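Asker: Build the 3D model from these lines:
(one chain, ligands or ions: 2)
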Amino acid sequence: MGYLKVHLVTQKVKQHAPPTLSYVAFCELGKITSTGSSQTHGQTFVVMSLMAPAAERKLTGLVAATFTPLTTQGEINLKEIGRYIDYLTEKQGVNNIFVNGTTGESMSFSVAERKILAEEWCQKAKGKMDQVIVHVGCMNLKDSQELAGHAAQIGADGIAVIAPSFFKPSTAEPLKMFLHEVALAAPTLPFYYYHIPAVTGVNVLASDVLEGIEELIPSFSGVKFSGVDLMDLGQCVSYSQPRWSVLYGVDEQLLAALALGAHGAVGSTYNYMGCHVNELISAFDKGDIVQARRIQFKMQELLSYAQKRGFDVGVNKQLMIELSGLNLGPPRLPVMPCPHEQCLCIAQKYHSIFPEC
Ligand SMILES: CC(=O)N[C@H](C=O)[C@@H](O)[C@H](O)[C@H](O)CO
Ligand SMILES: CC(=O)C(=O)O
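Answerer: Numbers count the residues shown, from 1 in each chain. Ligands and ions are numbered 1, 2, ... in the order given. You can find the predicted model right below:
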């Protein structure tokens, strides 16, 4: 959440002309540090220096999809968010978070609760996290727009939007129109499409959504790809513009996504496996495929063990509690809390597979 300096020049049409739309948009983009004017070929130009948000930087590496801390009574528990952030940065080496997503059970929270949560995550992340991406997708356009506008006000580094899934778009066109309308509520915030077909039931190829989207959504910055169709993923990477990030979201097969050129990963397991997956990524970057594969196989061993015992957000949250010691509370209905013994045996399996971070 630092700043980087850019200069821009905008043409002044008349002597006392009101600011043009693009001028206003750029003013909203960052903090103006100096203004002036210059004359060229008899025309007056307004010259402005401004600081654009650091989020203009490409998002890479690991992003933890956070759980939502609740009290034992099931109310949001803001008190634990600061400790949670310290745990991720200090114990896991994870410096980016994706809040109010699937793992955060966003669809089970009201718009008001999601705003309070997003604000607290952004506040507590200041000076500690590189980027905070707020998921703002809802079943309807109005709530999504409200959350997008709010994310811009609270200084989020980006927003992500899932496909609405009660009325499912059956082709890319209506989905892109929906995403565009949400993006208009926060036109200067980096925008990510959140692709998770197994959960939404929206089986539109992500690469079809990406095609031409840079013209529709100038703030478009990438896709969080939580699908298993690696051909579609490859098509997203090959279409991707230089400043976009293709972030993979099926943790158990991250290595395949890295081989296809994914720029980073967003996932629930990076909450407690971040330190090991950072090693996987650095082994891959060094060309040590054998070591990268060894770590990926360990992740698969743990996840297949957990999946055989029923692995959902409730189990995952309880596992995080066992491994981190954080006070995250139960999930919210309809997600059921995890029976203590079930999570304990998955936590034991974790310790038998992975060394201490
Ligand atoms: C459905 C779901 O929650 N997917 C997550 C991200 O999108 C993943 O991070 C998984 O939790 C993870 O890959 C374990 O299966
Ligand atoms: C896993 C993930 O990315 C999410 O919880 O939304």
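
Asker: lowest average confidence, helix or strand, in this protein?
Answerer: When each helix and strand of the chain is scored by mean pLDDT, DSSP states H and E, helix 21-29 comes last, with a mean of 38.

Asker: What is the neighbour count of the closest residue to ligand 2 within the chain?
Answerer: Residue nearest to ligand 2 within the chain (CB to the nearest ligand atom): G101, separated by 2.4 Å. All C-beta spots, glycine's among them, are computed from the backbone N, C-alpha and C. Neighbourhood size, G101 [other CB atoms under 10 Å]: 29.

Asker: go on, L303?
Answerer: By the criterion of other CB under 10 Å, L303 has 18 neighbours.

Asker: for S282, same thing?
Answerer: Neighbour count of S282, defined by other CB under 10 Å: 12.

Asker: For it, pull up the helix or strand it's in.
Answerer: Applying DSSP states H and E as the criterion places S282 in helix 270-285.

Asker: Identify the residues contacting that helix?
Answerer: Under the criterion CB atoms under 8 Å, 6 or more residues apart in numbering, residues 61-67, 88, 91-94, 103, 251, 254-255, 258-259, 265, 269, 289, 291-292, 295-296, 298-299, 302, 319-320, 323-324, 350, 354, 357 lie in contact with helix 270-285.

Asker: List the contacts of C338.
Answerer: Going by CB under 8 Å, 6+ apart, C338 touches 314-315, 317-319.

Asker: and with 10 Å instead?
Answerer: Counting by CB atoms under 10 Å, 6 or more residues apart in numbering, C338 touches 309-319, 321-322, 330-331, 344, 346.

Asker: and those near ligand 2, which?
Answerer: The subset of the contacts of C338 within reach of ligand 2, counting by CB under 6 Å from any ligand atom, is empty.

Asker: Just the buried ones out of these, please.
Answerer: If you count burial by 16 or more other CB atoms under 10 Å, the buried members of the contacts of C338 come out as 311, 313-319, 321-322, 330-331, 346.

Asker: Dump the residues you listed into TSV; add distance to S165, secondary structure and pLDDT as well.
Answerer: Supplementary listing: the buried ones among the contacts of C338 in TSV, determined by distance: CB to CB, whole Å; DSSP: H, G, I helix; E, B strand; the rest coil; pLDDT from 0 to 100:
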residue	distance to S165	secondary structure	pLDDT
F311	21	coil	96
V313	16	helix	98
G314	20	helix	98
V315	22	helix	98
N316	20	helix	98
K317	22	helix	98
Q318	26	helix	97
L319	26	helix	97
I321	28	helix	97
E322	31	helix	96
P330	24	coil	98
P331	19	coil	98
I346	28	helix	97
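
Asker: So the residue of the chain closest to ligand 2 sits against I159, correct?
Answerer: No - applying CB atoms under 10 Å, one finds G101 not in contact with I159, separated by 11.3 Å.

Asker: Filter the contacts of helix 270-285 down to the buried ones and express that as a PyMOL selection.
Answerer: Typed into PyMOL, the line below selects the buried ones among these, using 16+ other CB under 10 Å:
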select buried, resi 61+62+63+64+65+66+67+88+91+92+93+94+103+251+254+255+258+265+269+292+295+296+298+299+302+319+320+323+324+350+354
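
Asker: Which ones among the contacts of helix 270-285 map onto strands?
Answerer: Among those, DSSP state E puts 61-65, 265 in strands.

Asker: quick one: which of those residues is nearest ligand 1?
Answerer: Set against ligand 1, the nearest of these by CB to the nearest ligand atom is A65 (5.7 Å).

Asker: Nearest residue to that closest one in space, please, no chain neighbours.
Answerer: Distances taken as CB to CB, 6 or more residues apart in numbering put T103 closest to A65, at 4.1 Å, once the chain neighbours are dropped.

Asker: give me every residue that touches N96.
Answerer: Applying CB under 10 Å, 6+ apart, we find N96 in contact with 59-64, 88, 125, 129-133, 157-158, 247, 264-266, 270.

Asker: let's see it at 6 Å
Answerer: For N96, the contact set (CB atoms under 6 Å, 6 or more residues apart in numbering) comprises 63, 130-131.

Asker: sorry, back to before: the helix holding S282 to strand 61-65, inter-axis angle?
Answerer: Calculated by axes from the mean of the first three to the mean of the last three CA atoms, to 10 degrees, helix 270-285 forms an angle of 160 degrees with strand 61-65.
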